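1. Fold the following, please.
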Amino acid sequence: MIDESEINALAIGYGQPLQRHVVCEIGEELFVTRFMRVSDRRGEVALAIERPNGALLLHRKAHYAAEHVRLPTGGVNLGEPVLTAVLRETSEETGLEVAVQRFLAVIEYTLCFDAIRLPFVTYLFHLRETGGRLNANDGEAAAFSECQPAELPAIAATLRAIPGQRGYWGRWRAIAHEVASECFKHSSNAPAGLRER
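-> A predicted model of the protein is given here:
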């Protein structure tokens with residue numbers, strides 16, 4: 001699933017990523033609706049898109065509760081380079097043009113449902129908006145919003161607090177926000193709101 005030579009090449013161009021391995025329970029609903037149908041993907045990209053005002057772009061899909069917003073993500077197709085997926089998914093999900101600022105993290109998961117163990121990976125990037133027009137294009141976003149980088153832990157906490165079966169999804173989605181917050185705190189390329197003083 002992870003091509004180490006690709007990671008090394010991306011690190012040379014965009015910085016050494018933080019690497020995390022997370023064991024995550026996913027529950028039956030998430031297993032059936034999400035991970036039984038990912039045989040055409042080798043992972044996903046998570047997009048921390050910095051807008052001209054320094055805020056990060058968030059999105060909400062139509063079936064989310066109003067308070068459940070998150071960083072955009074999208075699949076990496078089999079045989080598709082990660083960087084190609086970053087730019088393709090940004091365009092598809094937001095309509096924006098971006099410049100890659102930093103390769104923030106590789107989050108490798110072991111997703112657990114009963115006795116089943118599934119590998120999955122998220123490649124997290126910091127991008128800066130350079131053009132385009134914000135719209136959902138062919139994506140699934142119902143609405144966009146923004147957060148200051150320092151608010152990422154609060155976004156993660158809201159996702160972690162989702163009850164019931166949907167809570168498995170929320171806890172899984174919270175991880176990328178927590179890792180992004182950690183990366184920004186220690187990066188000289190962080191948006192101004194999250195640079196350490």
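
2. Going by residue numbers, what spans are helices in this structure?
-> All helices of the chain, identified by DSSP state H, fall at 4-14, 27-33, 82-94, 152-160, 166-185.

3. Contacts for the helix or strand of the chain with the lowest mean pLDDT next, please.
-> Every helix and strand in the chain was compared by mean pLDDT, DSSP states H and E; the lowest is helix 27-33, with a mean of 84. With Cβ atoms under 8 Å, 6 or more residues apart in numbering as the test, helix 27-33 has contacts from 111, 113, 116, 118, 165, 166, 167, 168, 169, 172. Where C-beta positions appear, they are placed from N, C-alpha and C, glycine not excepted.

4. What separation do you get for the third one and residue 76?
-> In other words, residue 116. 22 Å (Cβ to Cβ, to the nearest Å).

5. quick one: which of the two has more around it?
-> Taking other Cβ atoms under 10 Å, residue 116 and residue 76 do not tie; residue 76 has more neighbours (23 against 10).

6. For the residue nearest to residue 175 when sequence neighbours are not counted, give the beta-bridge partners.
-> Nearest non-adjacent residue to residue 175, counting by Cβ to Cβ, 6 or more residues apart in numbering: residue 22, 5.7 Å away. Using DSSP bridges, the bridge partners assigned to residue 22 are residue 109.

7. so how far does stretch 3-21 reach from one end to the other?
-> The stretch stretch 3-21 measures 16 Å between its terminal residues, going by Cα to Cα, to the nearest Å.

8. Any buried residues in that stretch, and which?
-> By neighbour count with 16 or more other Cβ atoms under 10 Å, stretch 3-21 contains the buried residues 7, 10, 14, 15, 17, 18, 20.

9. got it, and stretch 54-72?
-> Buried residues in stretch 54-72, counted by 16+ other Cβ under 10 Å: 55, 56, 57, 58, 59, 60, 64, 68, 69, 70, 71, 72.

10. Now the terminal residues of it, how far apart.
-> End to end - Cα to Cα - stretch 54-72 spans 17 Å.

11. Any regions of this protein where pLDDT drops low?
-> Along the chain, segments meeting pLDDT under 70 span 36-39, 136-139, 187-197.

12. Find the centremost residue of it, please.
-> The centroid of the chain falls nearest to residue 46 when counting by Cα atoms, centre = their mean (2.3 Å).
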